[in-house]
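In: what's the 3D shape of this:
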Amino acid sequence: HAYIGPSSQLGPGSVAGKGVWIGASTTLGAHVSLEHCRVGSNCLLHSGVRVGADGFGFVIEGDVVRKKPQLLRVLIGDYVEIGANSCVDRGSWRDTLIGDHVKIDNLVQIGHNVHVGRGCLLCAHSALGGSASLGDFCVMGGKAAVADHVSVVGGVRIAACSGVTKHITQPGDYAGLPAQPIGKWRREVAMIRRVQKKFSHIMRCWGRDFQQL
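Out: Below you'll find the predicted structure:
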């Protein structure tokens, strides 16, 4: 049986599956599905949210693709908001964890075994690969991504469209693919533009020289 706490509300078409636990004063929008999860108090899950579906775990053995067991849970803290059509997968080797006061935008993907610290902000289309970890009070811009099994320390802000491929151990602002401290990334972008401008000038000069021959 599922448990629904006092003053909680389920919108039209929403489903709390077997063994789901929902805390007090939590609201589910229309067509939300909850499986294999525990949702804290005072949370808001917007329309179309999917929590507790199987993570993407497969292995190729010869000419056969086999599915890895996805048998654990999703644990969502208190005062969490999840935007429309976002997905949080259940764990395989550890429970997927969303800390207190996390705010998740629309169309965000959180893979299996991910740990998101308290107070994080995840903007639309951002993604956390399986077994990634995000420390407390991190911010991910739109379409930013953290690769699987990569850890990010607390207090990090990741710019939009950036890709984190290695562990981040120092708080600060990061950008680019692969992500790096934003000051270094800006200098590299500026240098590339200067090189391109100089190269274009050289090519124009060569063009004039060829025409004179």
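In: do you know how far residue 83 is from residue 108?
Out: 7 Å (Cβ to Cβ, to the nearest Å). Bear in mind the C-beta positions are built from the backbone N, C-alpha and C, glycine included.
In: identify the contacts common to the two.
Out: residue 124 (Cβ atoms under 8 Å, 6 or more residues apart in numbering).
In: wait, doesn't residue 118 sit right on residue 98?
Out: No - with contact defined as Cβ atoms under 8 Å, residue 118 does not reach residue 98; the gap is 9.2 Å.
In: which of the two has more neighbours?
Out: residue 98 (28 against 17; other Cβ atoms under 10 Å).
In: who does the residue nearest to the more buried one when sequence neighbours are not counted form a beta bridge with?
Out: Distances taken as Cβ to Cβ, 6 or more residues apart in numbering put residue 76 closest to residue 98, at 4.5 Å, once the chain neighbours are dropped. With DSSP bridges as the criterion, residue 76 is bridged to residue 39, residue 98.
In: I'd say residue 76 and residue 51 touch.
Out: Yes - Residue 76 lies in contact with residue 51 (Cβ under 8 Å); the separation is 7.1 Å.
In: now do the shared contacts for those two.
Out: With Cβ under 8 Å, 6+ apart, residue 76 and residue 51 have common neighbours 37, 39, 82, 88.
In: now do the contacts for the most centrally placed residue in the chain.
Out: Centroid-nearest residue in the chain, with Cα atoms, centre = their mean: residue 127, separated by 2.9 Å. Listed by Cβ under 8 Å, 6+ apart, the contact partners of residue 127 are 108-111, 144-146.
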